[in-house]
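> got a structure for you, letters missing:
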């Protein structure tokens, strides 16, 4: 993905919602077509949700899935390239958290017959360019550790900004996911700052 870190900030939320509303297709089963909301999907635990996913929830999933996927890709690199035990432990933690969240958000989209992407290139805060990911993969040891931490801190901060899309969601599953992301990634940012201080 090309580097467009500021594109997300520059677009108005209302304009993004209009694009998303035109791109997304919702289930016709139990959906309320008058308000464009889909029927209740199942959560990853199999329980039915009590409220519907909104266009903002769907858009959030379409954007956060590739964002999470890149974090998992970066963390996979750390398994063989990091020298710090703390960095390796953190990378394993990020993968353990974000891989299930990717599956969860993908289910939102498949259950609603929504596109798995927004259908156009949308820059997301904190995302690395393809060349930056490639350069990270060329590093090893302490140099990798320092660059991984710097990049992942920015990546996490971008995710926290993106969570604002669903801060007012009425969907219980989306609300819990937002809370989980904020709690986990806020704590991890502080942890990464602490590890970075030790490496300097």
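Thanks, I have it. These numbers were taken from a predicted model, which means no experiment stands behind them. Residues are numbered from 1 along each chain as shown.

> ok, residue 103 - how many residues close by?
12 (other Cβ atoms under 10 Å). C-beta coordinates here come from the backbone N, C-alpha and C atoms, glycine included.

> any idea how far residue 175 is from it?
18 Å (Cβ to Cβ, to the nearest Å).

> for residue 95, see how far away residue 82 is.
Counting by Cβ to Cβ, the gap from residue 82 to residue 95 is 13 Å.

> those two - which one has more neighbours?
residue 82 (23 against 19).

> and residue 92, what's its pLDDT?
The score at residue 92 is 98. That number is its pLDDT.

> quick one: pLDDT of residue 125?
83.

> ranges for the helices of the protein?
For the chain, the helices defined by DSSP state H cover 7-10, 13-23, 55-81, 85-111, 130-138, 142-162, 172-199.

> nearest to residue 118, out of those?
Nearest to residue 118 among the helices of the chain is helix 55-81; the distance by Cβ to Cβ comes to 5.0 Å.

> next, the angle helix 172-199 makes with the closest one.
Using axes from the mean of the first three to the mean of the last three Cα atoms, to 10 degrees, the direction of helix 55-81 lies 30 degrees away from that of helix 172-199.

> quick check: buried residues in helix 55-81?
Within helix 55-81, the residues that qualify as buried are 55-68, 70-72, 74-75, 77-78, 81, counting by 16 or more other Cβ atoms under 10 Å.

> go on, stretch 86-94?
By 16+ other Cβ under 10 Å, the buried positions in stretch 86-94 come out as 86-88, 90-91, 94.

> coming back round to it: with distance to residue 124 added, can I get the helices of the chain in a markdown table?
Below are the helices of the chain laid out as a markdown table (distance: least, Cβ to Cβ, whole Å):
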| stretch | distance to residue 124 |
| --- | --- |
| helix 7-10 | 6 |
| helix 13-23 | 12 |
| helix 55-81 | 5 |
| helix 85-111 | 14 |
| helix 130-138 | 14 |
| helix 142-162 | 6 |
| helix 172-199 | 14 |
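
> what's the closest of those to residue 117?
Taking Cβ to Cβ, helix 55-81 is the member of the helices of the chain nearest to residue 117, at 5.7 Å.

> between that closest one and helix 85-111, how many degrees?
If you take the same axes, to 10 degrees, helix 55-81 sits at 150 degrees to helix 85-111.
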